[in-house]
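Novice: One predicted model, sequence on top.
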Amino acid sequence: MNNKRINMIPEEIEADMERIISEELECYLHHELGETYVGSLLGEEWKELLCLLPQTRFEHLIRGIKDIMADTTEKGMLWHIIKHRKIGSLGFYVSQLGGTRRVIFTDIYDAYKGFIKTGDISLIDNARKAGYEKVKDYSLRLLEIYKKKEEMGIGWVRQRIEEMFVLS
């Protein structure tokens, strides 16, 4: 146990917290940069697609796809964490990956276990790249389905999206 930490005065604790918050805000900023970048790639149709499945598990999956895409892009949070070898932030990222994002981005867990054993950050980067390709593929498939809404009808679009996730 680190007795120095226990005996810290409030000013030292506050300074430590400010440093930690500042570092994590930097990572969060890269999530937002990734969101902006991915939003420009996916376009307005992505937003319209979300409106088709309000307050359903499929809406959460679609939002999770965009979140993972934002984090794994070369402008995103995970890329930033890897580039700067922010090991604490990596642990925080993996531990906080929940809900549908956990289901979508499963590769990160084995990569993280391997990284803990070996210290090989390329395991994380390979998982990042694979994760990006996976969600990019999902997003393109979803947009292709959505583009047929006029021809096939909204009900058909919803059914295809549900089938895409249920049968995956």
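Specialist: That came through, no problem. Numbering: from 1, shown residues only.
Novice: Please identify the helix or strand for the residue nearest the centre of the chain.
Specialist: Nearest to the mean C-alpha position of the chain, by Cα atoms, centre = their mean, lies residue 68 at 2.6 Å. Here residue 68, judged by DSSP states H and E, is contained in helix 57-72.
Novice: what comes up buried for the helix or strand just after that helix?
Specialist: Counting by DSSP H and E, the next helix or strand C-terminal to helix 57-72 is helix 77-83. For helix 77-83, the neighbour count (16 or more other Cβ atoms under 10 Å) marks 77, 78, 79, 80, 81, 82 as buried. For every residue, glycine as well, the C-beta is placed using N, CA and C.
Novice: ok and the lengthiest helix in the chain relative to helix 57-72, angle-wise?
Specialist: Using DSSP state H to define each element, the chain has its longest helix at helix 10-42. Per axes from the mean of the first three to the mean of the last three Cα atoms, to 10 degrees, the angle that helix 10-42 makes with helix 57-72 is 110 degrees.
Novice: Now find how far off-centre the helix or strand following helix 10-42 is within its chain.
Specialist: Sequence-wise, the next helix or strand downstream of helix 10-42 (DSSP H and E) is helix 44-52. Centre-to-centre, helix 44-52 and its host chain are 19 Å apart (Cα atoms, centre = their mean, to the nearest Å).
Novice: Output the below-cut-off pLDDT ranges for the chain.
Specialist: For the chain, the stretches flagged by pLDDT under 70 are 1-9, 167-168.
Novice: Repeat the analysis, applying 90 as the threshold.
Specialist: Along the chain, segments meeting pLDDT under 90 span 1-24, 50-60, 75, 99-100, 154-155, 158, 161-168.
Novice: circling back: check which residues of the helix holding residue 68 are buried.
Specialist: Neighbour-count burial for helix 57-72 [16+ other Cβ under 10 Å]: 58-59, 61-62, 64-72.
Novice: swap in stretch 115-135?
Specialist: Across stretch 115-135, burial judged by 16+ other Cβ under 10 Å covers 115, 121, 123, 124, 125, 127, 128, 131, 132, 134, 135.
Novice: so the last one, which of the three states?
Specialist: Following DSSP: H, G, I helix; E, B strand; the rest coil, residue 135 is assigned to helix.
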